[in-house]
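Participant: when you get a sec, could you give me coordinates for this:
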Amino acid sequence: MSSEQPASPPEFRRYRRFLSWLVLGFVSLGSAYMLVSVGVTIYRRRNAVPSGEPVGLLASPADLKGCLDELSDVEKALGQHLENFHNLLAHYDAAEAQRWSEQESFWLGQWKAAGERCRFAEPRKGPQAKSWVELNEIHRQLRDTEATYTKELHHFAQQQAPRLDQMRERLESVSRQIGNTSAAPVSGATQP
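Facilitator: Presented below is the predicted three-dimensional model:
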């Protein structure tokens, strides 16, 4: 008995070559698609994209409503972003801080994209001019709120978070001491 495999017939050589190239092409295209998809997802998470065409000076009521909805979404995103800081209050974690910073960058991108698309600061005329002025003020105040809150949180993280960590460590130490003393019976005392 010979351990050699019989050579495949030569008439299938072209077919095998074609099949190999087909599989290689499919794997290459699939890999390229996956890499582009991941890149686009990362880009969109870090950079907000305006949701429509820029609004002109002669804006319609539909444009005003669209900008109001967009600004409402930005406000909700800011609220969620600011609420996520509580994870850092419990204990400082570099990965959590990085995630929070990325969320901040994305929110700023959303805020900027809304401003670029809706052009809140441009003076408008007509019956909706007052509404545009209000939206401009809300847009400005959202950024001011985020900046003030972030500044205060950074101050807290630098000044108070280390104190909280020290208090937690002291509490754990006292807890261990109490656990050790309650485990050892006092001499002369009887256990119930």
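
Participant: tell me the SS of Pro54?
Facilitator: State at Pro54, reduced to three classes by DSSP: H, G, I helix; E, B strand; the rest coil: coil.

Participant: ok, for it, nearest residue in space, not its chain neighbours?
Facilitator: Spatially, and ignoring its direct neighbours in sequence, Pro54 is nearest to Arg117 (5.5 Å; CB to CB, 6 or more residues apart in numbering). No exception for glycine: its C-beta is placed from N, CA and C like everyone else's.

Participant: Gln128 and Tyr15, how far apart?
Facilitator: Computed as CB to CB, to the nearest Å, the Gln128 to Tyr15 distance reads 69 Å.

Participant: for the two, indicate the residue with more neighbours.
Facilitator: The neighbour comparison of Gln128 against Tyr15 (other CB atoms under 10 Å) goes to Gln128, with 16 against 10.

Participant: for the chain, what helix or strand is lowest in average pLDDT?
Facilitator: Within the chain, no helix or strand scores below helix 86-90, which has a mean of 64 by mean pLDDT, DSSP states H and E.

Participant: which strands and helices sit next to the following helix or strand past that one?
Facilitator: Note on helix 86-90: by DSSP states H and E, the next helix or strand toward the C-terminus is helix 94-118. Secondary-structure packing of helix 94-118 (3 or more CB pairs under 8 Å, 6 or more residues apart in numbering; DSSP states H and E): helix 13-46, helix 61-83, helix 86-90, helix 129-159.

Participant: got the domain ranges for this structure?
Facilitator: As given by automatic domain parsing, the domain ranges for the chain are 16-45, 47-179.

Participant: would you mind giving the ones you listed as JSON lines with distance to Pro10 added?
Facilitator: What follows is the domains of the chain, written out as JSON lines (distance: least, CB to CB, whole Å):
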{"stretch": "domain 16-45", "distance to Pro10": "10"}
{"stretch": "domain 47-179", "distance to Pro10": "56"}
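
Participant: what's the most buried one of the ones you listed?
Facilitator: Ranked by mean neighbour count, the domains of the chain are led by domain 47-179 with a mean of 14 (mean count of other CB atoms under 10 Å).

Participant: now find how far off-centre that one is within its chain.
Facilitator: Put simply, domain 47-179 sits 12 Å off its chain's centre (CA atoms, centre = their mean, to the nearest Å).

Participant: how about the helices and strands packed on helix 94-118 in CSV, adding distance to Glu96?
Facilitator: Converted to CSV, these look like this (distance: least, CB to CB, whole Å):
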stretch, distance to Glu96
helix 13-46, 16
helix 61-83, 13
helix 86-90, 5
helix 129-159, 11
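
Participant: out of the ones you listed, flag the one nearest Gln103.
Facilitator: Comparison of those against Gln103 by CB to CB identifies helix 61-83 as nearest, at 4.9 Å.

Participant: does anything pack onto the closest one? Which helices or strands?
Facilitator: Helices and strands touching helix 61-83, by 3+ CB pairs under 8 Å, 6+ apart, are helix 94-118, helix 129-159.
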